[in-house]
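Enquirer: Need a 3D model of the following:
(one chain, ligands or ions: 1)
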Amino acid sequence: MKEDQRPPLHLQNHQRNKLSITKLFTHTSAYVILVLLSYTLGYVSHSYPPQQQQRLQLQLSQLTPPPPSVFQFANLPTQLDNFRVTAHCSNSPLPPNLVFPTILDRVFNGCSPYTNFPPPHLRSFLKQKRIKGWGSYGAVFEHLIKRVKPRVIIEVGTFLGASALHMVNVTRKLSLQTQILCLDDFRGWPGFRDRFKDIKMINGDVLLLQQFMQNVVYFNATGSVLPVPFSRGSGLEKFCKWGITADLIEIDAGHDFISAWGDINRAFRILRPGGIIFGHDYFTAADNRGVRRAVNLFAQMNNLRIQTDDQHWVIDTALAKQI
Ligand SMILES: C[S@@+](CC[C@H](N)C(=O)[O-])C[C@H]1O[C@@H](n2cnc3c(N)ncnc32)[C@H](O)[C@@H]1O
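Expert: Prediction:
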C-alpha cells in the first residue's frame, strides 16, 4: 500500500488496537474453553467410578466412530451368528412318542386340556366350528408332509387352527402317526377383533384358544393336536431345553423382520437334522423388510438353500447345502 493511500495515523492505531483486542479475545476464549474442557474431563474422570469411566470413554469414542475396517465387514457373519439366547438346549432329543407326554406334564400338570372341554360356562360363547386362515390350505403342506413323513410338527402361529387342522387331514390321508404342537399365545394381535367380532371376549380375555380347541374337538383331532399357549420366544426356548425337536416346523406368527428373524433362529435349533422349516408370507407387500428379509439373511448366513412354494418359503436341510 502506498504511503498516501494509508489511513491517517490515529485510524491506523485504532485498527491495530482492534486487531490485538480481537486476537486477545480469540486467544482468551480458546484458553477459557481449554481450561473448561480440561476441568470437565478432570472432574468427570475423578468423580465417576471406573466402570462408568469406561462407559463414558466408550460413549466419547462413539462420537467419532472410526471408519469400518475390512476386518469388521469380513467378520459380520460371525458377529450375527451369535444368536445368543439364555436357554441351553438339551443334549438328548426326546423320542417322538415322548413329546406329547412331556408337554402334558410340563405345561398342563399332566392333564389333557381337552378333558371336559368345553366347560359349561363357555359353551354359549363358542361356535361348533369357526375357522379362518391365510394360505392355510396351500399345496405346500401336502408336498412337505409327503417329503418328510413327520412324526412331530411344530406350528408357530396357529390362530383358529386352519393350517394345523389341514395338516391333520393330510397326515390322516397319508396314514401317518403325526403329532402337532401349536405354539401361539392365542391373543391374535391388537385390534384383530375388528375383523373377528364373533370371537368373544370375557373381561379382556379373548376366547381364541378356546375356539381353537373347540375346532380341534370338532375335527376329532384331540389325540394329535396340542396347543402350547405361550409366546413364541419362551415356548421355543423351552422346547429346546426339554429336548423337543420336530421334523417339520411351520413359522407363521409375526410377519415383521424382528419377529420372523427370532422365530426362524429359535426354531432352527429344534429342527431335527434333515428336517424342513417353512413359512408363509414370503411374497408380501412388506417386500424385503419383513419375512423375506429374515429368511434370506438366515439362509445366506447358514449357507442354506431357499425354495418357494406359492407364497411359502421352504428350507429343506436334507438338501445339499448350497445357495
Ligand atoms: C397369521 S396367524 C396364524 C395363522 C395360521 N397359521 C393359519 O394359517 O391358520 C398368526 C398367529 O400368530 C400369533 N402370534 C403373534 N404374535 C405372537 C407371539 N409373540 N407369540 C405367540 N403367538 C403370536 C397370533 O396370535 C396369531 O394367532
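Enquirer: check contacts around Pro150.
Expert: Going by C-beta atoms under 8 Å, 6 or more residues apart in numbering, Pro150 touches Thr171, Leu176, Thr178, Ala246, Asp247, Leu248, Gly275. C-betas here are computed from N, CA, C, even on glycine.
Enquirer: Name the residues of the stretch 1-150 of the chain found near the ligand, please.
Expert: Gly133, Trp134, Ser136 (C-beta under 6 Å from any ligand atom).
Enquirer: Hmm, the second one is touching His255, no?
Expert: Think Trp134. No: Trp134 is beyond contact range of His255, at 10.0 Å (criterion: C-beta atoms under 8 Å).
Enquirer: max-length strand in this structure?
Expert: strand 271-279 (DSSP state E).
Enquirer: Could you list every helix and strand in contact with that strand?
Expert: Strand 271-279 is packed against helix 139-148, strand 246-251, helix 257-268, strand 312-316, with contacts defined by 3 or more C-beta pairs under 8 Å, 6 or more residues apart in numbering; DSSP states H and E.
Enquirer: Kindly spell out which helices and strands sit in contact with the last one.
Expert: This means strand 312-316. Under the contact criterion of 3+ C-beta pairs under 8 Å, 6+ apart, strand 312-316 touches helix 139-148, strand 271-279, helix 291-301, strand 307-309.
Enquirer: okay, now the domains of the chain?
Expert: As given by automatic domain parsing, the domain ranges for the chain are 7-60, 96-316.
Enquirer: which of these sits most buried?
Expert: domain 96-316 (a mean of 18; mean count of other C-beta atoms under 10 Å).
Enquirer: quick one, strands of the chain?
Expert: So, for the chain - with DSSP E - the strands run 152-156, 179-183, 201-202, 205-206, 225-228, 246-251, 271-279, 307-309, 312-316.
Enquirer: So what touches the third one?
Expert: Where contact means C-beta under 8 Å, 6+ apart, the residues beyond strand 201-202 that reach it are Phe125, Arg193, Leu207.
Enquirer: Can you give the strand pairings for it, parallel or anti for each?
Expert: Strand 201-202 sits in its sheet next to strand 205-206 (antiparallel), going by DSSP bridges.
Enquirer: Could you find the closest non-adjacent residue to the residue in the stretch 51-200 of the chain that the ligand sits nearest to?
Expert: The ligand sits closest to Gly133 of the stretch 51-200 of the chain, with a gap of 2.9 Å, by C-beta to the nearest ligand atom. Leaving out its chain neighbours, the residue that sits closest to Gly133 by C-beta to C-beta, 6 or more residues apart in numbering is Ala162, at 2.6 Å.
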